[in-house]
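Q: Give me a model of this one.
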Amino acid sequence: MYILFLFESSVGADVRVLTVKEYAILKGASFEEIKIPSAQSLVEKYGARFSSSFSHGSLTVARLKNVRFYKSHGLVVTEEGWILRDTMLDEHSNTMAEKVSKGAFELGGKCASVISEPAAVIGGQQNFYHWLFNWLSKFTALTGSGYWPEVKSLVLNGPIERFQWETLFKLGVSGGKNCHFVQSNEPVLIEDAIVPTLFSNPIHSLGHVNWLKNLLSTDEKVFGVGERVYISRKDAIKGNRQILNEDALISLLEKYDFSIVRLGDLTLKQQASVFKFARFVVAPHGAGLANVIHAQPGACFLEMQAKDAYTQVFWSLGLLSNAERYDILACESSGDFIPYQKHIEIDLVRLEQVIVEKWGLVARS
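A: Sure thing, here's the model as predicted:
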């Protein structure tokens, strides 16, 4: 049985939205379901509120004809003009379906190019966290399927960031395939498309996390970085989520022998190494905390975030990594940003209480 989602249109036509599996069954196309281990035991241990993070089903890979790929959110459209919703983040598929139904986004029209060789439809997003946990899960699906050896090229959103380049080429995720980077707003027609689904936000799949850890794991330590680490966001490109009293914070942490690290200065393997060998980590909320997955069991984390944008997204990664403690310090926020991107002011007294009373650290005399 398949389900066809319909979005009511103000321009006279419904927008049909299906999963890849539903469409493959409807068309009689070949597909595989790839079972990926989940962290269901954590749901049983910590409660149903974590089911959205740790519970999930299989991923799907299907071989489909005449698929159109749009750069906008990695939209994948069938030859009938139907949207395949589980090839991009849930909120994006809903957004695009609404735009199409209201006539704000047109499907069809001239294609920028045609790809005739077997091509895997990836897409992508220039966000470190979502790239790692959502878009790269398509490779967990692909490499676990029988289609991967048949893939000749990959179709991705361009241009790509340095961390995307590292995962694709430097770390060998692309498998030596040709890469097509779509930068035009016009669609690309893929005549022989191999279409994987992804784990949408906020899923943290145990199987995919283990895949990432194996990809990035290293035993080489970063010179000058010890077991106590403070992650600074001074190098954040967008300039958001800065710590307003960071100089005072660093002065405090240096008394407890914390190394100051800017992740933007490091390769992905170096970032993984920092977290792998760290015992205590203090960091503002940000995508760099995706590296929590590399920490050894028993590590302690203190995440500082705006009190009006509270989230447990990285705390849940701490559960996956068997952290001894994962403390969250809610902070006063300011700045002309959306709540979770505002600058924050750290209560240094409360922070020191955490690292002394809960972590047991002692300052230099």
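Q: So what would you say the end-to-end distance of stretch 78-91 is?
A: Across stretch 78-91, the terminal residues are separated by 19 Å (C-alpha to C-alpha, to the nearest Å).
Q: do the same with stretch 308-316
A: Chord length of stretch 308-316, first to last residue, is 19 Å (C-alpha to C-alpha).
Q: can you pull the buried residues of it?
A: Within stretch 308-316, the residues scored as buried using 16 or more other C-beta atoms under 10 Å are Ala309, Gln312, Val313, Phe314, Trp315, Ser316. Just so you know, the C-beta spots here come from the backbone N, C-alpha and C atoms, and that holds for glycine as well.
Q: Also stretch 66-84?
A: Residues 67-78, 82-84 are the ones in stretch 66-84 that count as buried (16+ other C-beta under 10 Å).
Q: from the chain's centre, how far out does that stretch sit?
A: Relative to its parent chain, stretch 66-84 has a centroid offset of 21 Å by C-alpha atoms, centre = their mean, to the nearest Å.
Q: pLDDT averaged over that stretch - what is it?
A: The pLDDT scores in stretch 66-84 average 94.
Q: And that stretch, end to end?
A: Stretch 66-84 has its terminal residues 13 Å apart, counting by C-alpha to C-alpha.
Q: Touching, Ser51 and Leu42? I think so.
A: No: the pair Ser51 / Leu42 is not scored as a contact, 9.6 Å apart, by C-beta atoms under 8 Å.
Q: ok, for Leu351, nearest residue in space, not its chain neighbours?
A: Leu329 (6.0 Å; C-beta to C-beta, 6 or more residues apart in numbering).
Q: Surely that neighbour and Leu348 touch.
A: No: contact between Leu329 and Leu348 fails when scored by C-beta under 8 Å: they sit 10.3 Å apart.
Q: more crowded one of those two?
A: Using other C-beta atoms under 10 Å as the criterion, Leu329 and Leu348 rank with Leu329 on top: 19 against 14.
Q: pLDDT value on the more buried one, please?
A: Looking at Leu329, its pLDDT reads 96.
Q: just Tyr340 next, same as before
A: Per-residue confidence (pLDDT) for Tyr340: 76.
Q: The residue nearest to Leu351: what secondary structure?
A: Of the three states, Leu329 takes strand according to DSSP: H, G, I helix; E, B strand; the rest coil.
Q: Pull up the gap between Phe139 and Leu244, please.
A: Distance check for Phe139 against Leu244: by C-beta to C-beta, to the nearest Å, it reads 39 Å.
Q: So for the two, which sits in the more crowded spot?
A: Neighbours per residue (other C-beta under 10 Å) separate Phe139 from Leu244, with Phe139 holding more: 24 against 16.
Q: Would you mind confirming that that one makes contact with Val173?
A: Yes: between Phe139 and Val173 there is a contact at 5.6 Å, judged by C-beta under 8 Å.
Q: just the helices in the stretch 1-150 of the chain please.
A: Along the stretch 1-150 of the chain, counting by DSSP state H, counting those that start in this stretch, helices occupy 20-27, 40-46, 51-54, 90-101, 128-130, 137-143.
Q: mind checking which of the ones you listed is nearest Ile34?
A: helix 137-143 (4.9 Å; C-beta to C-beta).
Q: helix or strand right after the closest one?
A: Going down the chain from helix 137-143, the next helix or strand is strand 153-157, by DSSP states H and E.
Q: same question for whichever helix or strand comes after that next one, mean pLDDT?
A: Under the assignment DSSP H and E, the closest C-terminal helix or strand after strand 153-157 is helix 162-165. Across helix 162-165, pLDDT averages out at 96.
Q: Now tell me what touches helix 162-165 from outside.
A: Helix 162-165 is contacted by residues Gly124, Gln126, Phe128, Trp131, Leu156, Leu268 when judged by C-beta atoms under 8 Å, 6 or more residues apart in numbering.
Q: how far away is the last one from Val173?
A: When distance is defined by C-beta to C-beta, Leu268 is 11 Å away from Val173.
Q: what do the two both touch?
A: Common neighbours of Leu268 and Val173 (C-beta under 8 Å, 6+ apart) are Thr167.
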